[in-house]
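Visitor: take a look and give me a structure for this.
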Amino acid sequence: MLTKEEDYGYHEVHITPIDGQELAAFIDNCNFFGQTAIAEMIAERLTHDLIKIHLSDFRNMMFPLLRGLTTCLPKQTLASPPYRTLFRLTLAKYLERFLGSQQRPPLSWMRSHATCPKTKHYNKEMASKWQVSGGCSDCKVLNTFLEHPHYRHFTWKIAKDRHSHLRDAIWHGKVDCKAESIKLDKNYRFFAVETLDTFQKDQTAWQSRHAEAQDQLESLGKAVLGDILSNEFDEAWNISKYCHQETREDLMGKTRDTQASHDFENSAEFHALQQASRTSHSSSLGQPVGDNLSRHPLAHASANAKQAGSTAMHLQPMGAGATTGPSTLKRTAQTAEIIDLTDDKRSRR
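Guide: As a prediction, the model looks like this:
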């Protein structure tokens, strides 16, 4: 059977082949009419198929079957090997396949990489080019923050029109990180903070399955199961081995160090990336590594001029031998090119 999902897709729905109570009644009739071999064969076959039956069949078929057998068959029959093995393995496989181990919280703030939106380009050739380069340099800076095991916060002074690009990268990568634009000192900054959304979602789902497992156990009755399984009951229904006591607070305590409380913007890794982006002539923010700043020659001239000005500003010595007086300005004026924009006719008058 197919049913419609919220995302306008379709998925297959499993239908339980037989009702557990009816199957228990059939096994009871087999024993009543002396067909104990057939009843035991059914129990053995069900035990063999526990590793591959659908998970919903535990709820809709196996547990109703076990409840029906406890009311139909005498305890002496239930204690025989075929039924005893059926009860023991049903409980064990149910916990193993349905409940599963409780997920542990992450032990660091390292997260998966964001996916640069340019790698999702509608042009396959362009998308492949960006995938090879690893995305734009903005996303590479963001991924450097995400892969760091200690830093959780990142406040980045970057052009506001790049904020939506970075947020899209986080969304495409399905990263546990929230991002927003904040205004500080009349300038917008990109602010990102890593979260525990996936872990908390998994914890909620596991706790729901754990509560259902407890209800199934109580519906069978611990006393009845104890009589059937005797000393094997504790081993069959060992929920404790699927649980652990580590919580979100334990994670916060383990990662509460000096780096976790600081912002990634102040880290040595971020300053190294900024320095590399300033000194690189072959790439810029928003362009793949290895590409030029632009194909237009004026862009190269503008970039070279800015680079030269930036270098002169940062590398000019300001010690005793440095001069910033009129002589310096005079030499600058002599090297400048003067263009006369006065109309020839007006100059004659």
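
Visitor: packing partners for the helix or strand Thr198 falls within?
Guide: For Thr198, the host element (DSSP states H and E) is helix 197-220. With contacts taken as 3 or more C-beta pairs under 8 Å, 6 or more residues apart in numbering; DSSP states H and E, helix 197-220 sits against helix 63-72, helix 81-94. Bear in mind the C-beta positions are built from the backbone N, C-alpha and C, glycine included.

Visitor: one more pass at 7 Å, please.
Guide: helix 63-72 (3 or more C-beta pairs under 7 Å, 6 or more residues apart in numbering; DSSP states H and E).

Visitor: count the neighbours of Lys52 for me.
Guide: Lys52 is flanked by 8 other residues according to other C-beta atoms under 10 Å.

Visitor: that one and Tyr83: what is the separation?
Guide: 21 Å (C-beta to C-beta, to the nearest Å).

Visitor: then Ala205?
Guide: In terms of C-beta to C-beta, Ala205 sits 33 Å off from Tyr83.

Visitor: now do the buried residues in the host helix or strand of Val132.
Guide: Element membership for Val132 (DSSP H and E) is helix 124-133. Buried residues in helix 124-133, defined by neighbour count with 16 or more other C-beta atoms under 10 Å: Lys129, Trp130, Gln131, Ser133.

Visitor: off-centre distance for it?
Guide: 23 Å (C-alpha atoms, centre = their mean, to the nearest Å).

Visitor: got it, and stretch 38-53?
Guide: 39 Å.

Visitor: cool, and stretch 119-127?
Guide: Taking mean C-alpha positions (C-alpha atoms, centre = their mean), stretch 119-127 and its chain are 24 Å apart.

Visitor: can you check stretch 203-212 too?
Guide: 20 Å.

Visitor: tell me how many other residues surround Pro106.
Guide: By other C-beta under 10 Å, neighbour count at Pro106 equals 17.

Visitor: please apply the same query to Glu44.
Guide: 15.

Visitor: quick one, what contacts it?
Guide: By C-beta atoms under 7 Å, 6 or more residues apart in numbering, the residues touching Glu44 are Pro82.

Visitor: that one: which element?
Guide: Per DSSP H and E: helix 36-48 holds Glu44.

Visitor: ok and that helix relative to helix 63-72, angle-wise?
Guide: 150 degrees (axes from the mean of the first three to the mean of the last three C-alpha atoms, to 10 degrees).

Visitor: check which residues of helix 36-48 are buried.
Guide: Ala39, Glu40, Ile42, Ala43, Leu46, Thr47.

Visitor: and what of stretch 239-246?
Guide: Those buried within stretch 239-246 under the rule 16+ other C-beta under 10 Å are Tyr242.

Visitor: over to stretch 137-152?
Guide: For stretch 137-152, by 16+ other C-beta under 10 Å, it's 137-146, 148, 150-152.

Visitor: of those, closest to Ala159?
Guide: Asp138 (9.4 Å; C-beta to C-beta).

Visitor: for that closest one, what is the enclosing helix or strand?
Guide: Assigned by DSSP H and E, Asp138 falls in helix 137-146.

Visitor: re the thing from before, so Ala205 and Tyr83 - more neighbours on which side?
Guide: Tyr83 (22 against 12).

Visitor: now the more buried one, nearest residue through space, not along the chain?
Guide: Spatial nearest neighbour of Tyr83, chain neighbours left out: Ala43 (5.6 Å); criterion: C-beta to C-beta, 6 or more residues apart in numbering.

Visitor: contact partners for that neighbour?
Guide: For Ala43, counting by C-beta under 7 Å, 6+ apart, the contacting residues are Pro82, Tyr83, Leu86.
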